[in-house]
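> What shape does this take:
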Amino acid sequence: MIVDFVAFWVVLPMLSLALVLAFIRLAIGPTLPDRVVAFELIAILLAGVIVVYAVLGEHSALFDVASVWAIISFLSVVAIAYYIEKARKP
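Numbers count the residues shown, from 1 in each chain. Sure thing, here's the model as predicted:
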């Protein structure tokens, strides 16, 4: 009972505020690496939202979804970083 209360009234608003701030950084990030980091932060925060939803709704399959989401987003950021590094070399 207390976990549901904390998850719904404390964790979700904090994740929502972090998502808004990350979207702002994504929109106004002056460089491409800033935007890539903001994208990764958004992906991890969305994985956190999925986990909170899984806890609240007692859907254990969503834990796997959140894990796969985080792994795929990490691999995409590594690929983008590789692309940026290759583009900078003459």
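
> CA atoms for contacts and neighbours, from now on please.
Noted.

> which residues sit against the helix or strand residue 16 falls within?
Assigned by DSSP states H and E, residue 16 belongs to helix 12-28. For helix 12-28, the external contacting residues (C-alpha atoms under 8 Å, 6 or more residues apart in numbering) are 34, 35, 36, 38, 39, 41, 42, 45, 48, 49, 52.

> Can you flag the buried ones in those?
Among the contacts of helix 12-28, those classed as buried by 16 or more other C-alpha atoms under 10 Å are 35, 36, 38, 39, 41, 42, 45, 48, 49, 52.

> related to what we said a few turns ago, what mean pLDDT does the helix holding residue 16 get?
If you average the pLDDT over helix 12-28, you get 96.

> cool, and stretch 79-88?
Averaging pLDDT along stretch 79-88 gives 89.

> can I get the CA coordinates of it in PDB?
The C-alpha coordinates for stretch 79-88 follow below in PDB (Å, rounded to 0.1, in the frame of the first residue of the first chain):
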ATOM      1  CA  ALA A  79      26.100   3.800 -32.600                       C
ATOM      2  CA  ILE A  80      25.400   7.600 -32.700                       C
ATOM      3  CA  ALA A  81      28.600   8.300 -30.800                       C
ATOM      4  CA  TYR A  82      30.500   6.100 -33.200                       C
ATOM      5  CA  TYR A  83      29.000   8.000 -36.100                       C
ATOM      6  CA  ILE A  84      30.000  11.400 -34.500                       C
ATOM      7  CA  GLU A  85      33.500  10.200 -33.900                       C
ATOM      8  CA  LYS A  86      33.900   9.000 -37.500                       C
ATOM      9  CA  ALA A  87      32.400  12.200 -38.900                       C
ATOM     10  CA  ARG A  88      35.000  14.300 -37.000                       C
END
